[in-house]
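J.: A structural model of the following input is requested.
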Amino acid sequence: YLNEAMQHLVAEKGNSKETITNADLREYVIRGAAQRLRPKLMTVSVSLFGLIPILWATGVGSDVMLPITIPLIGGTISSTIYVLLVTPVIFEMTKEWELKRNGKIEIYDVKE
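T.: As a prediction, the model looks like this:
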């Protein structure tokens, strides 16, 4: 979604540091991250709905499943934070650096 947003930015503004500002870059990164929000939250919610009941299980095998489930839940939540917050920030920093260093943004082909 972030690369697709960069394609739209270049299509609208051109691919040079004279036409693209940091504010434009941030706007399009936010657009790309916002498009990723719904699919990620749907995936996480379904995963958590499947894992949460294991925490309250008392039947056969629950003593084995509990130590496995806790890291899975933590990983699911931390991956959400990473994908929705950290990745767009690092992506924007990288694109700002490319724009400053090369005078243009490197665009990767995204199949739609």
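J.: CA atoms for contacts and neighbours, from now on please.
T.: Fine.
J.: what are the ranges of the helices in this structure?
T.: With DSSP state H as the criterion, the chain has helices at 2-13, 22-55, 62-81, 87-102.
J.: and of those, who's closest to Tyr108?
T.: Shortest distance between Tyr108 and those, using Cα to Cα, is found for helix 2-13: 6.5 Å.
J.: from the contact counts, what lies against that closest one?
T.: Under the contact criterion of 3 or more Cα pairs under 8 Å, 6 or more residues apart in numbering; DSSP states H and E, helix 2-13 touches helix 22-55.
J.: show me what the helix it packs on is packed against.
T.: The contact analysis (3+ Cα pairs under 8 Å, 6+ apart) places helix 22-55 against helix 2-13, helix 62-81, helix 87-102.
J.: can you say which of those is nearest to Leu37?
T.: Nearest to Leu37, of all the helices and strands packed on helix 22-55, is helix 62-81, at 9.2 Å by Cα to Cα.
J.: residues in contact with the closest one?
T.: For helix 62-81, contacts defined as Cα atoms under 8 Å, 6 or more residues apart in numbering pick out Lys40, Leu41, Val44, Ser47, Leu48, Leu51, Ile54, Leu55.
J.: that one to helix 22-55, inter-axis angle?
T.: With axes from the mean of the first three to the mean of the last three Cα atoms, to 10 degrees applied, the angle from helix 62-81 to helix 22-55 works out at 170 degrees.
J.: for Thr19, what are phi and psi?
T.: Dihedral angles of Thr19 (phi, psi; degrees, to the nearest 10) stand at phi -100, psi -20.
J.: check the gap between Gly75 and Val89 for me.
T.: 20 Å (Cα to Cα, to the nearest Å).
J.: give me the low-pLDDT residue ranges for this protein?
T.: 110-112 (pLDDT under 70).
J.: reformat the helices of the chain as JSON lines; add distance to Asp109 and mean neighbour count.
T.: Output for the helices of the chain, formatted as JSON lines (distance: least, Cα to Cα, whole Å; neighbours: other Cα atoms under 10 Å):
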{"stretch": "helix 2-13", "distance to Asp109": "8", "mean neighbour count": "17"}
{"stretch": "helix 22-55", "distance to Asp109": "15", "mean neighbour count": "15"}
{"stretch": "helix 62-81", "distance to Asp109": "25", "mean neighbour count": "14"}
{"stretch": "helix 87-102", "distance to Asp109": "16", "mean neighbour count": "16"}
